[in-house]
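Participant: Take this sequence and fold it.
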Amino acid sequence: MKSLYYRPQTVSPRLLVALSILAVAALATVEAFPKQTDSSEQALMVAAARKADSAFEVVRRQRNELGLGTIRDQDPAETGLLGPSMSLVTSLPGHLDAKQTSANPNFAAVAVNYLREAGLQPGDRVAIGCTGSFPALNIAVLAAAETMELEISLISSAASSQFGANHPLQMWPDMERRLAQEGIIKTRSIAVSRGGFRDNAAGMTDETRRRLEAAITRGGRPLLNCTSIEDSIDRRMQLLQRSTGDEDRFAAYVNVGGGSASVGGTRGNEHLGHGLIRPTDLLPTKEPIDSVAMRFLDQGVPVINMIHVVAMAKKHGLPISSSVRPEVGEGGVYVSKGYRKSFAGIGLLMILVATSLVMRPPPWLVASLQKLALGRNSPTASNASWML
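Facilitator: Model (predicted):
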């Protein structure tokens, strides 16, 4: 004779609540204990951030020596890395919150993260294009590349948008030269363009062009003189290729800012987005935007686009428009985005087992609960159903 066991026809609401609590607890545990970055990788990111921080201090000291000072409303953390709202060498409007956010040495750790994700190793060659608009990010990227012992080919431009390296006495070529003189950031530009519209200061006054050229001369680097945006892109590609030697090729291209030749300006940045872009990630567009970045992608070379600073900061756990100078080693960038697979696996197994027991309890469990309920003088065995 077969034994008959009681099985509940419906699942107790209390048990459904318990299952929900278990699922939330498992998720919270996985979120609370993310996989930590490898210690050697973290040490590399911290070293890059320290290098960037030392470079920031050099730029602050240079600014003070020039008697430029800081404007508290624009630069509340007194980083010394933000220029005026307007000057003769200002090319475009700029977003103050982005410039304030960029003045964080931990963006060097972000750059290391992206370069590693792109697969770069010591000895690999990276091409970098930057403008004067984000001097702090320029420094962060160069600090990361030098700390990683990469071979670097840099082309920059002199003009800057608002709140960048846009003081006529302290432009990016001035900063780059001073950093090299003090041995903090040793990389020098292969060539420097005027920047701005068409990468040639088109539409700017003769006085502005004279000041841009004076900064390039002070910096001691050759002028990249172009006649059109296409000419600038062609010349940049030729200069970069020449810098590698015939047998070498680039492992990645890094763009900083919104240079018209480097990335295609605002339209190019909107098309590419920020962070690491692999050639297979690129969405087709009806209007191809020619730029150095796009040509590298066409060659199968990944691009790292250091732009949309606030979005990058949020993604990597860095403060937005901080009123104090960020410390080296602070931020979510130093914690891996991945989860501990062991925690996730255990949590998932617990949820599956608990759900199975609730929906289809085995006979031995039903019998045990019946005995437990009867032992407590329950009127009927069905009173045990609250547990099922």
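Participant: and the closest residue to L239 other than its chain neighbours, what helix or strand is that in?
Facilitator: Among residues not flanking L239 along the chain, I190 sits closest, at 5.2 Å (CB to CB, 6 or more residues apart in numbering). All C-beta spots, glycine's among them, are computed from the backbone N, C-alpha and C. Assigned by DSSP states H and E, I190 falls within strand 189-193.
Participant: avg pLDDT for that strand?
Facilitator: Here strand 189-193 scores 98 as its mean pLDDT.
Participant: so how far is whichever helix or strand comes after that strand from its chain's centroid?
Facilitator: Counting by DSSP H and E, the next helix or strand C-terminal to strand 189-193 is helix 206-219. Mean-position distance between helix 206-219 and its chain equals 32 Å (CA atoms, centre = their mean, to the nearest Å).
Participant: For helix 206-219, buried residues please.
Facilitator: Using 16 or more other CB atoms under 10 Å as the test for burial, helix 206-219 gives T208, R209, R211, L212, E213, A214, A215, I216, G219.
Participant: How about stretch 242-254?
Facilitator: S243, F250, A251, A252, Y253, V254.
Participant: From S87, how far off is the last one?
Facilitator: Here V254 is placed at a distance of 27 Å from S87 (CB to CB, to the nearest Å).
Participant: cool, and the fourth one?
Facilitator: Distance from A252 to S87, counting by CB to CB: 33 Å.
Participant: do the fifth one as well
Facilitator: From Y253 across to S87, the span is 30 Å (CB to CB).
Participant: cool, G245 as well?
Facilitator: According to CB to CB, G245 and S87 sit 40 Å apart.
Participant: Can you name the residues that contact K186?
Facilitator: K186 makes contact with E146, A180, according to CB atoms under 8 Å, 6 or more residues apart in numbering.
Participant: If I look at it, what pLDDT would I see?
Facilitator: Predicted confidence (pLDDT) at K186: the value is 97.
Participant: will you turn the buried residues of stretch 242-254 into CSV that also has secondary structure, pLDDT and distance to M148?
Facilitator: CSV is the format used below for those (DSSP: H, G, I helix; E, B strand; the rest coil; pLDDT from 0 to 100; distance: CB to CB, whole Å):
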residue, secondary structure, pLDDT, distance to M148
S243, helix, 92, 18
F250, coil, 96, 14
A251, coil, 97, 11
A252, strand, 98, 11
Y253, strand, 98, 15
V254, strand, 98, 12
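Participant: Specify which member of the residues you listed is nearest to A118.
Facilitator: A252 (4.8 Å; CB to CB).
Participant: need the contact list for A215.
Facilitator: V89, A158, P168, M171, W172, P173, D174.
Participant: Next, work out how far apart the closest residue in space to the second one that isn't next to it in sequence and N200 are.
Facilitator: The spatially closest residue to A158, leaving aside those adjacent along the chain, is L212, at 4.6 Å (CB to CB, 6+ apart). Note on L212: its distance to N200, by CB to CB, is 10 Å.
Participant: ok, now R242?
Facilitator: As judged by CB to CB, R242 and N200 stand 21 Å apart.
Participant: likewise P173?
Facilitator: Taking CB to CB as the measure, P173 falls 16 Å from N200.
Participant: same deal with V24?
Facilitator: For V24, the distance to N200 (CB to CB) stands at 58 Å.
Participant: Can you pick out the residue with more neighbours from those two?
Facilitator: More crowded of V24 and N200, by other CB atoms under 10 Å: N200, with 25 against 10.
Participant: residues contacting the nearest residue to G300 once chain neighbours are set aside?
Facilitator: Nearest residue to G300, sequence neighbours excluded (CB to CB, 6+ apart): P279, at 5.2 Å. Applying CB under 8 Å, 6+ apart, we find P279 in contact with L297, D298, G300, V301, P302.
Participant: at 7 Å instead, please
Facilitator: L297, G300, P302 (CB atoms under 7 Å, 6 or more residues apart in numbering).
Participant: List buried residues within these.
Facilitator: Taking 16+ other CB under 10 Å as the criterion, what is buried in these is L297, P302.
Participant: from the contacts of P279, which single one is nearest E41?
Facilitator: Closest approach between these and E41, by CB to CB: P302, at 18.9 Å.
Participant: what are the phi and psi values for the closest one?
Facilitator: Reported as degrees, to the nearest 10, the phi and psi values for P302 are phi -70, psi 150.
Participant: Put the alpha carbons of stretch 249-265 into PDB.
Facilitator: Output of stretch 249-265 as PDB, limited to C-alpha atoms (Å, rounded to 0.1, in the frame of the first residue of the first chain):
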ATOM      1  CA  ARG A 249      52.600  49.300 -35.400                       C
ATOM      2  CA  PHE A 250      50.400  50.900 -32.800                       C
ATOM      3  CA  ALA A 251      48.500  48.800 -30.200                       C
ATOM      4  CA  ALA A 252      46.000  51.600 -29.400                       C
ATOM      5  CA  TYR A 253      45.100  55.200 -30.000                       C
ATOM      6  CA  VAL A 254      44.100  57.500 -27.100                       C
ATOM      7  CA  ASN A 255      42.200  60.700 -27.700                       C
ATOM      8  CA  VAL A 256      41.900  63.300 -25.000                       C
ATOM      9  CA  GLY A 257      39.300  66.100 -25.500                       C
ATOM     10  CA  GLY A 258      37.400  67.100 -28.600                       C
ATOM     11  CA  GLY A 259      40.100  67.900 -31.200                       C
ATOM     12  CA  SER A 260      38.600  68.200 -34.700                       C
ATOM     13  CA  ALA A 261      41.500  66.300 -36.400                       C
ATOM     14  CA  SER A 262      42.100  63.800 -33.600                       C
ATOM     15  CA  VAL A 263      38.500  62.600 -33.000                       C
ATOM     16  CA  GLY A 264      36.200  64.700 -35.300                       C
ATOM     17  CA  GLY A 265      35.100  67.300 -32.700                       C
END
